[in-house]
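Student: what follows is a predicted protein model with its sequence.
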Amino acid sequence: MTVRHVTVGYSDGTHKTMPVRPDQSILEVAEEHGVAIVNECQSGICGTCVATCTAGRYDMGRTEGLSDVERAARKILTCQTFAESDCEIELQYPVDDNAALLVSGDGVVTGVDMVSPGTAVLRVDVSAMAGTIGYRAGQFAQLQVPGSDQWRNYSYAHPADGGGELEFIIRLLPDGAMSNYLRDHAKQGDRIALRGSKGNFYLRPIVRPVVLVAGGTGLSAILAMAQSLPADPGQPVSLLYGVTSAEDLCKLDELEQLEHRVAGLQVHVTVARRDDDWSGRTGLVTDLLDEAMLAGGDADAYLCGPAAMVEATRTWLSANGFHRAGLYHEKFAASGAARRRTPARLDYSALDLAAVRRSGRGIAVVIGGSIAGIAAAKVCSDTFDRVIVLEKDDAHRRREGRPGAAQGWHLHHLLTAGQIELERFFPGIVDDMVREGAFKVDMAAQYRIRLGGTWKKPGTSDIEIVCAGRPLLEWCVRRRLDDEPRIDFRYESEVTDLVFDRATNAVIGVAVPGDGGEPEVIPAEFVLDASGKNTHVPEFLERIGIGAPEVEQDIINCFYSTMQHQVPPERQWQDKVMVICYAYRPYEDTYAAQYYTDSSRTILSTSLVAYNCYSPPRTVREFREFADLMPSPVIGENIDGLQPASPIYNFRYPNMLRLHYEKKRNLPRALLAVGDAYTSADPVSGLGMSLALKEVREMQLPLSKYGPTHRELPRKYYRTIAKMADTAWFVIREQNLRFNWLKDVDKKRPFYFGALTWYMDRLLELVHDDLDAYREFLAVVHLVKPPLAFMKPGIASRVIGKWARTRLSGQKTLIARNYENHTAPAEPADQLVTVSDLR
């Protein structure tokens, strides 16, 4: 096999060269060799692992985190890039001061305790390794089996304490590479290669009861979590530990000590097989679960153990109605980013299209499990006997974003128009969200908003907004489908193709990876694309000869960076739930928002946004420095002195896209797109979720009138939602086209653009002093009224009147006062700005 060499350069001048095989991504091999590359989603979406390839040939897979301009400038996402020759890449951070936190080297075996034929405890001295191995309790390291090229994942059995010895509880298989080594060959002094730390399984801030469930050697991660607990976690904690045979039990003394040290901790142990030497409980670990420890479902459960145990626990929770419980479990991966995978193409010669068509009758397939997809599934259940939702990520969680929705960690709110539609589909859903911790507040009273360089005074209005972390909002809607017998939700299912019947010009199903990698066909009478901005349906349409729709885009190079902090009671706001600093464009190109993730007010989420920005903050220090670049110093001051409660989550939004399906004349039957799969907007606008729900409503009406396969269905639907997209883009573009660096900005600005921006500035000044005008402003923002409401005589006369009075008095307008000494950035769109450039 041909081996290439990739040289990684850092901003401090350091260079590291590593061999890479054709089937390995650059990120994967970097992690193998301990070469630090900051990364997050590992799916080509968030943009965190971005680099510049200065020499060599390469191939990239998914690149949603890059714009066309960036790809042309040889920007790459290392998690998706495969070297086709020797390559050189450059990173924009130093080798030793970054957030990769990956340490690799050789440790020394100090001991192996054979607990039983099936369990061993391995201790490794890492004091001589370069760099300190840091990790969160619950994460794992990768150990190389001595004398082989095989690596295995093992959870740390204790919290990171800065000491020189690591401990792992390891399951021994009858014939496993590491198992055989530990049983037959391991001795003190052996050198063992190790790299770490990895994994998203770790203990989150404790805000409600916690249940820790360990099966067998899964105790390793669970024990580390329990040992990391403070003396008083503030909530009850239950630790459930189950093994097959009594001889496999280990660390019982440590568990007993923990029970005495940690207030509110209760340890329960069970053995599956009866044993004369065991006088405790017998049975499965799921037998230890009860309603009391789960607080009626208002609890967080952490599971670590065999796949069967994890699945059995999930099934128990679902069967007993504990859908509100947060569920966390580890999924070990081989190493780093996924290997290159090219999905197998459909072989139409082997398909019986008539049989597929017959099998699909009465079935609808929804691609994507976001709020748009969930709402669409509910609507489809009124028409179809069965609805299958295909979601590429794993299960929704109450407090966790989904990897494939990198924006899931950032600010989200549900506008009034969105609330109306969501209530139509799921009656009482907004009350559910509020019960689970979302805020429903008067936006005029509870939001502190900086407009035009000045903080807007609070007031009152009849516009109520629902805000919370996106995971909570999605989770509340998702669990409504649990009681829908016609809806089948399939996680970890990514669509790789459409099944198209040329004879009827209809989509009659989709393909997903099946056993052995061969495509599995899911027949359907109707297919709805709700897979988001990064949809692959246009590619599928191109492949089957229909052709992709015309694409319109604005390249905005927007980078979101979000971090959560714990807020003590004395620092919690009582007079507001949200602080927003809008950028006054073109003079400001940063935006910030701070909000509580739920009504407990214990976690403050801070989202920092920069336009025309390339490199996000990757460390706590960089995040705080980035906060200083926001329009107001208040943002940084609000997080000073608070303890971080999360990593830094970055999300790259290179462009806002619009797919003009309404312009296509050969639309296939039985296929529609909704939400960001049709049109996406600048996420700062906050329109996306509500606009998608309005589109689902517009789909519901013609679907019930025409049926799923009628040729008029796509035409009527797209004509209607195109008008909605026109309105949304008009509002958003009025702001984005103010940036002189936007690609082709002069061509995109309408002839009346100058007059429009002048009027909108004067309106912005009016709403600071005129509460009625502010209420009208909020009604338009919430999609309750159209933008033309700004031009009504009653509003227009007050806008012009305020401006005229200001000028006649010889005073400057509010915006003129705030920005008279500012200059607008005018970088060309191909000159990509980094955070350090903004300082």
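Tutor: Received, thanks. Numbering: from 1, shown residues only.
Student: and the residue lying closest to Leu353 once chain neighbours are set aside, how many neighbours does it have?
Tutor: Spatial nearest neighbour of Leu353, excluding adjacent residues (C-beta to C-beta, 6 or more residues apart in numbering): Asp501 at 5.1 Å. Any C-beta I mention is one placed from the backbone N, CA and C, and that applies to glycine too. When counting by other C-beta atoms under 10 Å, one arrives at 20 neighbours for Asp501.
Student: swap in Glu765?
Tutor: 22.
Student: got it, and Thr315?
Tutor: Neighbours of Thr315 (other C-beta under 10 Å): 11.
Student: what helix or strand is it on?
Tutor: helix 307-319 (DSSP states H and E).
Student: which neighbouring elements make contact with the next helix or strand after that helix?
Tutor: Later in the chain than helix 307-319, the nearest helix or strand by DSSP H and E is strand 326-329. Contacts defined by 3 or more C-beta pairs under 8 Å, 6 or more residues apart in numbering; DSSP states H and E place strand 326-329 against strand 300-304, helix 307-319.
Student: among these, which is nearest Ala445?
Tutor: Closest to Ala445 of these, according to C-beta to C-beta: strand 300-304, at 32.1 Å.
Student: I'd guessed the residue nearest to Leu353 sits against Arg358; true?
Tutor: No. Using C-beta atoms under 8 Å, Asp501 is not in contact with Arg358; the gap is 11.6 Å.
Student: sorry, back to before: would you mind giving the helices and strands packed on strand 326-329 as JSON lines with mean pLDDT and distance to Phe201 added?
Tutor: Below are the helices and strands packed on strand 326-329 laid out as JSON lines (pLDDT from 0 to 100; distance: least, C-beta to C-beta, whole Å):
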{"stretch": "strand 300-304", "mean pLDDT": "91", "distance to Phe201": "7"}
{"stretch": "helix 307-319", "mean pLDDT": "84", "distance to Phe201": "11"}
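Student: could you single out the most deeply buried of these?
Tutor: Among the helices and strands packed on strand 326-329, ranked by average contacts under mean count of other C-beta atoms under 10 Å, first place goes to strand 300-304 (a mean of 25).
Student: who are the packing partners of it?
Tutor: With contacts defined as 3+ C-beta pairs under 8 Å, 6+ apart, strand 300-304 has these neighbours: strand 210-215, helix 219-227, helix 307-319, strand 326-329.
Student: let's go with 6 Å and repeat that
Tutor: Judged by 3 or more C-beta pairs under 6 Å, 6 or more residues apart in numbering; DSSP states H and E, strand 300-304 is in contact with strand 210-215, strand 326-329.
Student: give me the angle between it and helix 307-319.
Tutor: Here strand 300-304 points in a direction 160 degrees away from that of helix 307-319 (axes from the mean of the first three to the mean of the last three C-alpha atoms, to 10 degrees).
Student: I figured Leu659 was touching Pro549, is that so?
Tutor: Yes. At 4.5 Å, Leu659 counts as touching Pro549 under the criterion of C-beta atoms under 6 Å.
Student: so which of the two has more stuff around it?
Tutor: Neighbour count, other C-beta under 10 Å: between Leu659 and Pro549, Leu659 has more, with 26 against 21.
Student: which SSE is that one in?
Tutor: With DSSP H and E as criterion, Leu659 is part of strand 649-660.
Student: what of Thr562?
Tutor: strand 550-566.
Student: helix or strand right after that strand?
Tutor: Strand 550-566 is succeeded, C-terminally, by strand 578-581 (DSSP H and E).
Student: the following helix or strand past that following strand - which strands sit beside it in the sheet, and in what orientation?
Tutor: Next in sequence after strand 578-581, counting helices and strands by DSSP H and E, comes strand 590-596. Partners of strand 590-596 in the sheet, by DSSP bridges, are strand 578-581 (antiparallel), strand 603-610 (antiparallel).
Student: I'd like these as JSON lines, with distance to Arg171 appended.
Tutor: Shown next, in JSON lines, are the strands paired with strand 590-596 (distance: least, C-beta to C-beta, whole Å):
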{"stretch": "strand 578-581", "distance to Arg171": "47"}
{"stretch": "strand 603-610", "distance to Arg171": "35"}
